[in-house]
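*Asks:* Sequence below, structure please.
(chains A and B)
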Amino acid sequence: NAGVTQTPKFQVLKTGQSMTLQCAQDMNHNSMYWYRQDPGMGLRLIYYSASEGTTDKGEVPNGYNVSRLNKREFSLRLESAAPSQTSVYFCASSPITGTGNTEQFFGPGTRLTVL
Amino acid sequence: AQSVTQLGSHVSVSEGALVLLRCNYSSSVPPYLFWYVQYPNQGLQLLLKYTTGATLVKGINGFEAEFKKSETSFHLTKPSAHMSDAAEYFCAVSESGNQFYFGTGTSLTVIP
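*Replies:* Okay, here's the model as predicted:
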């Protein structure tokens, strides 16, 4: 099992450009998440998908859109990138919806720089 | 909303010394609690988790944590630090399972 995979690993954008970060998991998990990690701020939830066909906003959704393409894939789109979106982005998945005792499995991250 | 406080953004210990990383949470109901470790340029890995039952939880690599409801704490300890323990550690809490709230992290340095 590859677990949670993310592409690309690194990306540099100019302000105003758009891009999509891809995430896939092969563990048959119901729930998937997108976080951003900034120095001194820990991980902040951008969007999550509790199950295929549903998505919900997290703590910092502005400037982002998501698509739960199928059970395996959950993409994050920046329509018009801004320097404030320079960050490390992590995708995660977890197997059970609606209970609090489920661990999350994380991908290796995407380092995004917006100039 | 939940909040998680990790006291000390940087902790340094000597090799072989006790590791203590602090985590306090706010919750009106019994939460689910987690500690994750992040090695440089990697994603987060689960160290241990508390759901229900025994309040002392053992994890991987010799780490353990104790859930103290009266103190709303879930501190992480390891009796003897190893060089390979140098990493960033995150405490996280969840109530419903669909959202997890992370602390700001503690960077652990192990001095030879």
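*Asks:* quick one, strands of chain B?
*Replies:* For chain B, applying DSSP state E gives strands covering B:3-5, B:10-14, B:19-21, B:24-26, B:32-38, B:44-50, B:56-58, B:64-68, B:73-78, B:87-94, B:100-102, B:106-111.
*Asks:* For chain A, which segments count as strands?
*Replies:* With DSSP E as the criterion, chain A has strands spanning A:4-7, A:10-13, A:19-25, A:31-38, A:42-49, A:56-57, A:64-68, A:74-78, A:87-94, A:105-106, A:110-114.
*Asks:* Throw those into TSV and include distance to chain B and mean pLDDT, thanks.
*Replies:* C-betas here are computed from N, CA, C, even on glycine. Converted to TSV, those look like this (distance: least, C-beta to the nearest C-beta, whole Å; pLDDT from 0 to 100):
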stretch	distance to chain B	mean pLDDT
strand A:4-7	7	96
strand A:10-13	11	96
strand A:19-25	11	97
strand A:31-38	7	94
strand A:42-49	4	92
strand A:56-57	7	93
strand A:64-68	14	96
strand A:74-78	14	97
strand A:87-94	6	95
strand A:105-106	4	94
strand A:110-114	9	96
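*Asks:* returning to that earlier point: reformat the strands of chain B as TSV; add distance to A:Gly53.
*Replies:* Output for the strands of chain B, formatted as TSV (distance: least, C-beta to C-beta, whole Å):
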stretch	distance to A:Gly53
strand B:3-5	30
strand B:10-14	43
strand B:19-21	39
strand B:24-26	32
strand B:32-38	25
strand B:44-50	27
strand B:56-58	35
strand B:64-68	35
strand B:73-78	34
strand B:87-94	22
strand B:100-102	21
strand B:106-111	38
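*Asks:* right, and these - which one's nearest A:Arg44?
*Replies:* Counting by C-beta to C-beta, A:Arg44 lies closest to strand B:100-102 out of the strands of chain B; the figure is 7.7 Å.
*Asks:* Can you tell me which of the strands of chain B is nearest to A:Met32?
*Replies:* Among these, strand B:100-102 sits nearest to A:Met32 (C-beta to C-beta), with 12.4 Å.
*Asks:* Take the strands of chain B and write them to a markdown table, including distance to chain A, mean pLDDT and mean neighbour count.
*Replies:* A markdown table is the format used below for the strands of chain B (distance: least, C-beta to the nearest C-beta, whole Å; pLDDT from 0 to 100; neighbours: other C-beta atoms under 10 Å in any protein chain shown):
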| stretch | distance to chain A | mean pLDDT | mean neighbour count |
| --- | --- | --- | --- |
| strand B:3-5 | 8 | 89 | 16 |
| strand B:10-14 | 11 | 96 | 14 |
| strand B:19-21 | 14 | 97 | 19 |
| strand B:24-26 | 12 | 91 | 17 |
| strand B:32-38 | 4 | 93 | 24 |
| strand B:44-50 | 4 | 93 | 20 |
| strand B:56-58 | 12 | 93 | 14 |
| strand B:64-68 | 13 | 93 | 18 |
| strand B:73-78 | 14 | 96 | 21 |
| strand B:87-94 | 4 | 93 | 24 |
| strand B:100-102 | 4 | 88 | 24 |
| strand B:106-111 | 10 | 96 | 16 |
